[in-house]
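J.: model this:
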Amino acid sequence: MAWLLVIVAGVLETGFAVCLKLSHGFTRLWPTIAFCAFALGSFGLLTMSLKKLDVGPAYAVWTGIGAAGTAIYGMVFLGDLVSTLKIVSISFVIIGVIGLQLSGAAH
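T.: Residues are numbered from 1 along each chain as shown. Next up, the predicted model:
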């Protein structure tokens with residue numbers, strides 16, 4: 001269950017990163033509100049998961065999901081540059097996240 005919280009927190013991290021961009025420096029109301037909601041949810045779930053998981057693997061999985069998710073979202077929906085190197089690099093991040101998740105045993 002703790003790993004599920006980390007995964008959901010990572011997806012919410014993608015949400016807060018995208019909303020941060022869409023807020024244009026916190027000058028747009030709804031993206032700013034969404035940023036706050038996603039950030040609170042993400043940090044809250046990560047905090048709950050750390051009661052059962054080691055901080056290193058959990059944090060790395062959380063940031064990896066957020067980074068890969070944000071990069072993919074940017075390429076698909078925001079017109080970010082798509083390149084073979086970027087796709088290969090995101091694949092390595094995802095492989096690393098899976099490896100860290102498999103290595104992180106609950107207490």
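J.: what bits of this structure have low per-residue confidence?
T.: Within the chain, the segments meeting pLDDT under 70 span 104-107.
J.: can you tell me which helix in this structure is longest?
T.: Taking DSSP state H as the assignment, the helix of the chain that covers the most residues is helix 55-77.
J.: list the buried residues for that one?
T.: Using 16 or more other Cβ atoms under 10 Å as the test for burial, helix 55-77 gives 57-62, 64-75. Backbone N, C-alpha and C define where each C-beta goes, glycine included.
J.: what's downstream of it, the next helix or strand?
T.: helix 84-103 (DSSP states H and E).
J.: pull out the buried positions in that next one.
T.: Buried residues in helix 84-103, defined by neighbour count with 16+ other Cβ under 10 Å: 90, 93-94, 97, 100-101.
J.: helix 55-77 and that one, what's the angle between them?
T.: 150 degrees (axes from the mean of the first three to the mean of the last three Cα atoms, to 10 degrees).
J.: what helices or strands is helix 84-103 leaning on?
T.: helix 55-77 (3 or more Cβ pairs under 8 Å, 6 or more residues apart in numbering; DSSP states H and E).
J.: residues contacting the helix it packs on, please?
T.: Contact with helix 55-77 is made by 2-3, 6-7, 9-11, 13-14, 17-18, 42, 46, 49-50, 80-82, 86, 90, 93-94, 96-97, 100-101, 103-104, as judged by Cβ atoms under 8 Å, 6 or more residues apart in numbering.
J.: try it again at 6 Å.
T.: By Cβ atoms under 6 Å, 6 or more residues apart in numbering, the list of residues contacting helix 55-77 from outside reads 6, 9-10, 13-14, 17-18, 46, 49-50, 80, 82, 90, 93-94, 97, 100-101, 103-104.
J.: OK, contacts around residue 49?
T.: With contact taken as Cβ under 6 Å, 6+ apart, residue 49 is in contact with 2, 5-6, 58.
J.: cool, and residue 42?
T.: Counting by Cβ under 6 Å, 6+ apart, residue 42 touches 9, 12-13, 16.
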